[in-house]
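Undergrad: Dropping the sequence and predicted coords here.
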Amino acid sequence: MGRNAFAGVVLAMIMVLGLAMAGPAQASECSDSRVQLRGDFGSAAFTVDIADTDAERAQGLMHVPSMPRFNGMLFVFERPQRAVFWMENTLIPLDMLFIDAAGVVQRVHSNAVPMDRTPIDGGEGITYVLEINGGMAERLGIEAGAELRHPVLAQDGAAWPCE
């Protein structure tokens, strides 16, 4: 293999590795399987499963033994409401981000205790709840006021609409 061909292969490998290492937070387009968050901390993205039926919301992440670092579950409610969660039959610690209809995080509950039946009250006016691995919100600096972007939000009222 000639020197130029070898250099081209090496450059292509570096580009592929660079894209892989950029991780989920680097992509900018909206996708049903991914949520994006932005705020004073910068930005982050999580691959998500959607729970938008009563049965899916009731099941949530119960009995899940582990979850990849940048994965989660987005709970979608038909209308803003008081959102109260608990951790019964949930095997891993979770952070819960309680989000209004515009996609603005109203409250973050960190490190919910596995198997605990204590109610976790996210407050009134919640339309979405994003569950991610426990400690991740603090590690990334995600706080109330952060904005979520996802196609399920009503785009005309979203704080951070899809492009």
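TA: Okay, I see it.

Undergrad: Show the contacting residues for the residue minimising distance to the centre of the chain.
TA: The residue lying closest to the centre of the chain (CA atoms, centre = their mean) is F46, at 4.3 Å. By CB atoms under 8 Å, 6 or more residues apart in numbering, the contact set of F46 is 24, 34-35, 37, 70-72, 130, 132. Using the backbone N, CA and C atoms, a C-beta is placed for each residue, glycine as well.

Undergrad: Go through those residues and say which is closest to D156.
TA: Taking CB to CB as the measure, D156 lies nearest V35 of these, at 18.7 Å.

Undergrad: For stretch 114-133, list every residue counted as buried.
TA: Within stretch 114-133, the residues scored as buried using 16 or more other CB atoms under 10 Å are 120, 122, 126-133.

Undergrad: Quick check: the farthest pair among the residues you listed?
TA: Maximum distance among those (CB to CB): 22.4 Å, for T127 and N133.

Undergrad: can you pull the pLDDT of E29?
TA: Note for E29: predicted pLDDT of 85.

Undergrad: Before I go, just wanted to say thanks for your time.
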